[in-house]
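> sharing a sequence plus its predicted fold:
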Amino acid sequence: MTESLLAVRGLSKHFVSGNETVPVIEKLTFTLDQGLSLALVGRSGSGKSTLLNLLCGLESPDAGTIVMQGQVFDAGSAATREKAAAWASLRRQQIGVVFQEANLMPALTLLENVRFRAQLAGRDPANSEDWLTRLDIGDLARRYPDQVSGGQRQRAALAMVFAMEPALILADEPTGSLDRQTAAEVAQVLFDLQARYCCGLILATHDAELAAGCQQLLDLGHLSAV
Amino acid sequence: MKRLMSLLPSLPALPIPWALLSHYRRHPLQLLALATMIVLATMLWTGVNQLTSQARASLEQSEQTVAERQQVVRDNGQALMVEDFVSLRLAGVCVMPWLEVTPASGNRIIGIDPLAAHCFGAGASRGGDQPLDGKPFVDMSTAASAGEAHLYLLTPDSTQDSDLPAAYHLKTFATGPETGELGDSFLLNLEALGVLVLLITALLLRSVYLLGLAQRRDSFALLHRFGVSPGQVQRWLVLEIIALALICVVPGVWLGRWLAAGLGGGFGQALDGLFDIPLYAGHGQGWITPVLVMLTVVVIACLGDLLLLRFRERLSLSVPNQGRLATALLLAGLVMAWLAPSLPWAFVAVALVFAGAAWLTPATVTHFANWRADQSKAPLARWRYRELAVLARRLTLPLVALQFALAMVLAVQALVTTFEDTFDRWLAQRLEAAYYIEVPVGADSRKAADWLTSKQVSNPGMNWHQVIRGSTRMTDKAAASSQQVDVYALAPISTLITGWGLLEAEDHPWEALAGNKGVMINEQLARRQTLGAGDTLQLVLDEQTRDMRILGVYPDYGRPVGEVLMNAEALPENFIARSESFSITPGELGITPVTDGLKRIWSVETLSMRDNSTIRELATGVFDQTFALTRAMTLLTLILAASALLMMGWVFFTTRAWYFRLLVVWGMSQQEVAGQLLRLALALTGGIALLALPLGVWLTWVLVHRINPLAFGWSLPMAVYPTFWLELGALSLAIGLSIAVLMRRQLGKPSVAPVSASALTGGER
């Protein structure tokens, strides 16, 4: 039986717009086991990015509980100093986050970015160049982010994430800014490495084809888990 | 049709400017920042310029007023009466009565007769042609009733001794000390600094404008795709900035004049207090000059690139070549400043050094930061140094402006403090004793000296010396030429003078002077003749050329004539004195017994006496006010530069907020990230303060050791004030701290990911 990496119970989040309270996520419950992948789908504004932020402690829920690697985070817990520190520690060492764009520090080369992230996570940075090579951008290691293409930047972002050996990867439209072929290549690399290193993956996407590559699917538009 | 008409207001008549200006509808604060910067820059420069021109006009007016004039005095030294005025006018001599009254309370008032002043012509219009409805000039009869009065009879410069009836002769008439070249020198330096203020404000304007322009690049690209040529866009940009400049420059000039008037009022009061005369000129330049100057500066600062596009393309250099050129400019400027044969060369040298420094500073910070990043093992330190390099490149203009402003403030502080110190010593040198009493014509000064010696024995606190002024010739055997020099002879060599600081001297120079073993010379003579302590000069005294050893060189703060200070005992009996006087500090004895004694010895009713402490107090007041104004204006420049950097720094940091937040996503706490930002901002502003330090010290050196000697033939002492350096360093760190605080607030807000890594969307490197 696989071990549960993440458990979400009754999670709710709303935003205030003027005098109106807009619910974004309501009473969401799901689990993700170690080594599995989950696709978050739903129309724009359905709360995919908000959920990812909640799952890494960048925002705190209004209700519900998140259990991550045995640590319990209740509503409002991100705001307390201890829990904020616990979330920060998890993000630093266990959770890798990939956004649609701008995942790299612009003043650092691709290699320096990968080393930087690995060192922040407390991992040995010696393998950083290997990671870039494995992602077919080893020859671009000493280039800056604005000197490579969007696809190459996303590969470098993945190299950064895998160099930190995460337990969970949260990817927010990681291929959203790429052309179809490059997007497919980057997605393939992501799934291959996730499977090889047996980490959890939660992928927010509009792309049905990409979502189909995941073992689980959560449609936030219909609040149904498959 | 009706429906179409209703749509018209929302359709732009001029679509291109409408599209261009839509940027400011989306970013109104940017427009406000640019407008504010133009207004503030105009206000600052106009204020500085206005104050400098006012100060110059006021000082010139004051010097004209207190400048030496002629008066008619009686040969027997007796006080003048109304009868003297009548007999002189009957003899055809133009004289104007000048009745000085010191009431029991209040300022001195001066009674004049406007009708009698008419023979002075236009030159005597001050007071003469104006209604006498206020102090200090009042009608003669009003003055006479105000208290004990002293009558002087002034006469135009054209009057000769031969024009006077028997029993009268001419004598100089002065109401205060001349600030002379000391004042001129100070104002020249102020004007040089005014140019620097203009440069700094231009840099700040350019930085704010370019920031806005960079953020509008996407709009320009879009217009280009829609078929609008770059030329059309540029023309509209020129019109836009000219319109904005016109709107902002006029209120800026008005504010500058208002600021100068507010600050200058105190200056005028001080001048009034000094000379008892409303001397404050109160007017500087008109409106047209500052408006045109600032319009030109705004257009060049903002659109210089467009105007010189073709030249720029031809002159574009690779980065290493830019570095080499900047270094060459800097070195050329340094060498030129050292060797400059004339004032224009010195100013060119300053311009070269500043141009080189402006080019090199950001490059130096960038190289240093990248070098430190390469050396750093710690990942955060490496990131921080890389970010510092980006900041130095992207904030080049505001950083250079801040560096210039810091250097200028540093130089002004050193200059003003040096001037204050010099001015104190200048006053001390000229007003060394408490009282200055002229020896009446024909009176026996030797008897007075003997009497003062006897008085000093019973009053040890008393101090005095006799001053004999005249002139003689100094010969140069080698060149077979001679020149006239002033003679300043003293006896005895008392402690009134031995406190003078000497520029160079032999051992125990005052003892040697007292022992009549040589002479001292002023700085002007030493510079002109390349003479120094230990050298020998040849003076013609009593028809004989005598070799005199130079015991020391004393500073004279602007006296344009070569002067020899010697023991009066060495003067021959037949030496023709231009004037003789006694400088006396009476001590506990008080001045009245001294003046009574001297009147008795010289058999005169009145003495020509000057109370030096009053003059010192009043003169100090004028300069204190001027110094305070100068400090205030340079501080304003610094505040403007600091505000610009703060604004630019904040804008830049805000565009980069996504990447700083990325650190939080990667597991750093907000406190940790805020700490990193604080270190980054402090490194940036602290680094600039460090780089401003040598520039400021060099600028001080140029002002006091190069520009002053080239302009006036004398130098100021060079002084540095490390405590002030620390204050400026603290100020720079405070600016960095403010940027970090603003960024910490920004970190707490959600930030939007940049859409691309192109310029000024936060992805710069």
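Nice, thanks for sending it over.

> tell me the contacts of the residue of chain A found nearest chain B?
Evaluated by Cβ to the nearest Cβ, chain A has A:Arg92 as its residue closest to chain B, separated by 2.3 Å. (C-beta placed from N, C-alpha, C; glycine too.) Going by Cβ atoms under 8 Å, 6 or more residues apart in numbering or on different chains, A:Arg92 touches A:Leu120, A:Ala121, A:Gly122, B:Trp666, B:Gly667, B:Met668.

> mind telling me what element it is part of?
Element membership of A:Arg92 [criterion: DSSP states H and E] is helix A:81-93.

> all helices for chain A, in order.
Under the criterion DSSP state H, chain A carries helices at the ranges A:48-55, A:81-93, A:110-120, A:128-134, A:150-163, A:180-197, A:208-212.

> mind putting these in JSON lines, mean pLDDT included?
Listed next are the helices of chain A as JSON lines, based on pLDDT from 0 to 100:
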{"stretch": "helix A:48-55", "mean pLDDT": "91"}
{"stretch": "helix A:81-93", "mean pLDDT": "87"}
{"stretch": "helix A:110-120", "mean pLDDT": "91"}
{"stretch": "helix A:128-134", "mean pLDDT": "90"}
{"stretch": "helix A:150-163", "mean pLDDT": "91"}
{"stretch": "helix A:180-197", "mean pLDDT": "86"}
{"stretch": "helix A:208-212", "mean pLDDT": "88"}
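
> output the lowest mean pLDDT helix or strand found in chain B.
Ranked by mean pLDDT, DSSP states H and E, the weakest helix or strand in chain B is helix B:125-128, scoring a mean of 39.

> surely B:Asp547 forms part of a helix?
No - counting by DSSP: H, G, I helix; E, B strand; the rest coil, B:Asp547 falls outside a helix, being strand.

> and the closest residue to it other than its chain neighbours, how far from B:Val594?
Once flanking residues are discounted, B:Asp547 sits nearest to B:Thr536: 5.1 Å by Cβ to Cβ, 6 or more residues apart in numbering or on different chains. The gap separating B:Thr536 from B:Val594 is 39 Å, by Cβ to Cβ, to the nearest Å.

> can you tell me which residues contact the residue of the stretch 601-750 of chain B found nearest chain A?
Residue nearest to chain A within the stretch 601-750 of chain B (Cβ to the nearest Cβ): B:Gly667, separated by 2.3 Å. Residues near B:Gly667 by Cβ under 8 Å, 6+ apart: A:Ala88, A:Ser89, A:Leu90, A:Arg91, A:Arg92, A:Gln93, A:Ile95, A:Leu120, A:Ala121.

> quick one: the last one and B:Leu380, what's the gap?
Just to be clear, that refers to A:Ala121. 13 Å.

> and these two? which has more neighbours close in?
A:Ala121 (22 against 18; other Cβ atoms under 10 Å in any protein chain shown).

> so that one touches A:Leu90, yeah?
No - judged on Cβ atoms under 8 Å, A:Ala121 makes no contact with A:Leu90 at a distance of 10.7 Å.

> sketch out the low-pLDDT regions of the stretch 51-200 of chain B for me.
B:54-69, B:77, B:101-148, B:173-187, B:189-190, B:193 (pLDDT under 70).

> helices along the stretch 601-750 of chain B, start to end?
B:612-655, B:657-665, B:670-701, B:708-712, B:722-747 (DSSP state H, counting those that start in this stretch).

> okay, the ones you listed in TSV with mean neighbour count and distance to B:Gly470 next?
Compiled in TSV, the helices of the stretch 601-750 of chain B are given as follows (neighbours: other Cβ atoms under 10 Å in any protein chain shown; distance: least, Cβ to Cβ, whole Å):
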stretch	mean neighbour count	distance to B:Gly470
helix B:612-655	20	22
helix B:657-665	21	77
helix B:670-701	21	38
helix B:708-712	19	25
helix B:722-747	17	45
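
> up against chain B, what does chain A have?
Within chain A, the positions near chain B by Cβ under 8 Å from any Cβ of the partner chain are A:56, A:58, A:84-85, A:88-93, A:95, A:97, A:99-103, A:105-108, A:112, A:115-117, A:119-121, A:125, A:144-146, A:153.

> weed out the non-buried ones from the residues you listed.
Neighbour-count burial (16 or more other Cβ atoms under 10 Å in any protein chain shown) applied to the residues of chain A next to chain B gives A:56, A:58, A:84, A:88, A:90-93, A:95, A:97, A:99-103, A:105-108, A:112, A:115-117, A:119-121, A:125, A:144-145, A:153.

> who's in contact with residue 202?
Using chain A. By Cβ under 8 Å, 6+ apart, the contact set of A:Ile202 is A:Leu6, A:Leu32, A:Ser37, A:Leu38, A:Leu40, A:Leu52, A:Leu55, A:Leu168, A:Ile169, A:Leu170, A:Ala171.

> chain B, not that one
B:Ala41, B:Val297, B:Ile300, B:Ala301.

> that one looks like it's in a strand, true?
No - going by three-state DSSP, the assignment for B:Ala202 is helix, not a strand.

> distance from the chain centre to the helix or strand hosting B:His150, please.
Element membership of B:His150 [criterion: DSSP H and E] is strand B:149-155. Taking Cα atoms, centre = their mean, to the nearest Å, the mean C-alpha location of strand B:149-155 is offset from the chain mean by 36 Å.

> partner strands of the following helix or strand past that strand, with direction?
Counting by DSSP H and E, the element after strand B:149-155 in chain order, helix or strand, is strand B:168-173. Partner strands for strand B:168-173, per DSSP bridges, with pairing direction: strand B:69-74 (antiparallel).

> contacts only, for the nearest residue to A:Gly42 once chain neighbours are set aside.
Among residues not flanking A:Gly42 along the chain, A:Leu220 sits closest, at 3.5 Å (Cβ to Cβ, 6+ apart). Taking Cβ under 8 Å, 6+ apart as the criterion, A:Leu220 is in contact with A:Ile25, A:Leu28, A:Leu40, A:Val41, A:Gly42, A:Ser46, A:Gly47, A:Lys48, A:Leu51.

> same thing but at 7 Å, please
Residues near A:Leu220 by Cβ atoms under 7 Å, 6 or more residues apart in numbering or on different chains: A:Leu40, A:Gly42, A:Ser46, A:Gly47, A:Lys48, A:Leu51.
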